[in-house]
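Colleague: Turn this into a structure:
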Amino acid sequence: MKINFIKLNHLQLCIPKNKEEEARAFYCGILGLKEIEKPEYLRKNGGFWLHIADIELHIGAEDAINNSKRHPAFEVTSLNAIKKALIDKGIRIKEDKPLPKYHRFSFYDPFNNRIELLEEIASEE
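Modeller: This is a model prediction of the structure:
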């Protein structure tokens, strides 16, 4: 059987329980993401949902938070301007080596979740 994947629906990053307001300040305040309604029956679990690009970003709350290489990566425009704005706000940045066709860097939320941003290198034709 071949699975016919259509598109990415959502990603989930985790934060410590009871840190939703700090996470909202970062994701909605600093990054400018829009919070969307989380179903009533899931609200008891903590966390919240956001709209980002053409998918959802679910911020989940859990007891154990660990360091991991797991991360989402988003294509953006104006990569250098974004990097400067994040640095100006004191956000921790990780310089990543370029990939074929892409410039990139990563940044970290207040809970040590890594988020990678990439911008396609303009063709010199």
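Colleague: Report the contact partners of Asn45.
Modeller: 60-61 (Cβ atoms under 8 Å, 6 or more residues apart in numbering). The way it works is simple: take the backbone N, C-alpha and C, and place the C-beta from them, glycine included.
Colleague: any chance you could map the helices in this protein?
Modeller: Remark: helices assigned in the chain by DSSP state H are 20-24, 79-88.
Colleague: Quick check: buried residues in the shortest one?
Modeller: In terms of neighbour count (16 or more other Cβ atoms under 10 Å), helix 20-24 has its buried residues at Ala23.
Colleague: Which one of the helices of the chain lies nearest to Tyr102?
Modeller: helix 79-88 (9.1 Å; Cβ to Cβ).
Colleague: Give me the residues contacting the closest one.
Modeller: Here helix 79-88 makes contact (Cβ under 8 Å, 6+ apart) with 30, 76, 93, 103-105, 107, 117-119.
Colleague: Among these, which lie within strands?
Modeller: Judged by DSSP state E, the contacts of helix 79-88 include 93, 103-105, 107, 117-119 as members of strands.
Colleague: Distance to Lys7, neighbour count and pLDDT for those residues - can I get that in JSON lines?
Modeller: Listed next are the ones in strands among the contacts of helix 79-88 as JSON lines, based on distance: Cβ to Cβ, whole Å; neighbours: other Cβ atoms under 10 Å; pLDDT from 0 to 100:
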{"residue": "Ile93", "distance to Lys7": "29", "neighbour count": "13", "pLDDT": "97"}
{"residue": "His103", "distance to Lys7": "25", "neighbour count": "17", "pLDDT": "95"}
{"residue": "Arg104", "distance to Lys7": "22", "neighbour count": "18", "pLDDT": "96"}
{"residue": "Phe105", "distance to Lys7": "25", "neighbour count": "21", "pLDDT": "97"}
{"residue": "Phe107", "distance to Lys7": "24", "neighbour count": "20", "pLDDT": "97"}
{"residue": "Leu117", "distance to Lys7": "20", "neighbour count": "21", "pLDDT": "96"}
{"residue": "Leu118", "distance to Lys7": "18", "neighbour count": "19", "pLDDT": "96"}
{"residue": "Glu119", "distance to Lys7": "21", "neighbour count": "18", "pLDDT": "94"}
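Colleague: Understood, closing this out.
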